[in-house]
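Enquirer: I would like to see how this sequence folds:
(one chain, ligands or ions: 1)
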Amino acid sequence: MVRKHPPGHWQEAGEKEETENMNCSITREEALALLRTYNQEPFHIQHALTVEGVMRWYAQELGYGEDAEFWAMTGLLHDIDFERYPEQHCQKAPKLLREGGVSEEMIHAICSHGYGICSDIEPQHEMEKVLFATDELTGLIGAAARMRPSKSVMDMEVSSLKKKFKDKRFAAGCSRDVIRDGAARLGWELEELFERTILAMRACESQIEEEMQKIMAESL
Ligand SMILES: [Fe+2]
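Expert: As a prediction, the model looks like this:
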């Protein structure tokens, strides 16, 4: 399929009826196997599954249902190089992904999530902006969920997340600046990003728990 626009210059949401579907060149099974070739830490695999689920939810939510698999696989693979090459995050990824058969447009999207930190590829398409905005935020929400008696996002309210966001000592590794920048790039209030991302994480929580148990059992 020939693209009308070079990667990173896809049309915005309002014009999406004219765009062609994104080329998801990899199956979910292949993508998970590729992820696990370079990632063994349960924390990293869980993060990948979470961002996958969140991206799939947002694709539906924002009217990109036909491209949901592309959004989801981009989420699943976005940190592929981080565990093994933390100093070369987003720099090693293109090679690993190319070898795994991932399309150039997905590689572009993946590299754009490190914009301003470890990549000079700026998020341009709405899916790239969602990935950029939710990567750090899912980490913060996950850390907040682990502090709750339920250990879950199912009973987490936006107000409690706001408090955790303001408390700079809490999950200090989750960059508040990146989350703020991400919301601004989407043109959303922080509250909207929080609310939607909590809903997205609620939608995939139990499935991820199940899959993590399976993965952990396999790696014993
Ligand atoms: Fe990430």
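Enquirer: For this structure, give the helix that spans the most residues.
Expert: Criterion DSSP state H: the longest helix present in the chain is helix 190-218.
Enquirer: got any ranges where the chain has weak pLDDT?
Expert: The model of the chain has pLDDT under 70 over residues 1-20.
Enquirer: tell me which parts of it are close to the ion?
Expert: Residues of the chain lying near the ion by C-beta under 5 Å from the ion: 79, 135. Heads up, the C-betas are built off the backbone N, CA and C, glycines and all.
Enquirer: One more pass at 8 Å, please.
Expert: Within the chain, the positions near the ion by C-beta under 8 Å from the ion are 47, 48, 51, 78, 79, 82, 113, 135, 136, 138, 139.
Enquirer: residues contacting residue 77?
Expert: 31, 34, 35, 48, 97, 102, 106, 110 (C-beta atoms under 8 Å, 6 or more residues apart in numbering).
Enquirer: Thought residue 76 was touching the third one, still the case?
Expert: Same thing as residue 35. Yes - counting by C-beta atoms under 8 Å, residue 76 is a contact partner of residue 35 at 6.1 Å.
Enquirer: Tell me the residues that contact both of these two, please.
Expert: In terms of C-beta under 8 Å, 6+ apart, residue 35 and residue 76 are both contacted by the residues residue 48.
Enquirer: Which of the residues of the chain next to the ion fall within helices?
Expert: Using DSSP H, the residues of the chain next to the ion in helices are 47, 48, 51, 135, 136, 138, 139.
Enquirer: Throw the contacts of residue 77 into CSV and include secondary structure and neighbour count, thanks.
Expert: Formatted as CSV, the contacts of residue 77 follow (DSSP: H, G, I helix; E, B strand; the rest coil; neighbours: other C-beta atoms under 10 Å):
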residue, secondary structure, neighbour count
31, helix, 27
34, helix, 21
35, helix, 23
48, helix, 24
97, helix, 22
102, coil, 24
106, helix, 23
110, helix, 27
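Enquirer: Let's have the residues you listed in CSV, adding distance to residue 203.
Expert: What follows is those, written out as CSV (distance: C-beta to C-beta, whole Å):
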residue, distance to residue 203
31, 19
34, 24
35, 21
48, 17
97, 26
102, 25
106, 22
110, 22
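Enquirer: and which of the residues you listed is nearest to residue 24?
Expert: Set against residue 24, the nearest of the contacts of residue 77 by C-beta to C-beta is residue 106 (7.4 Å).
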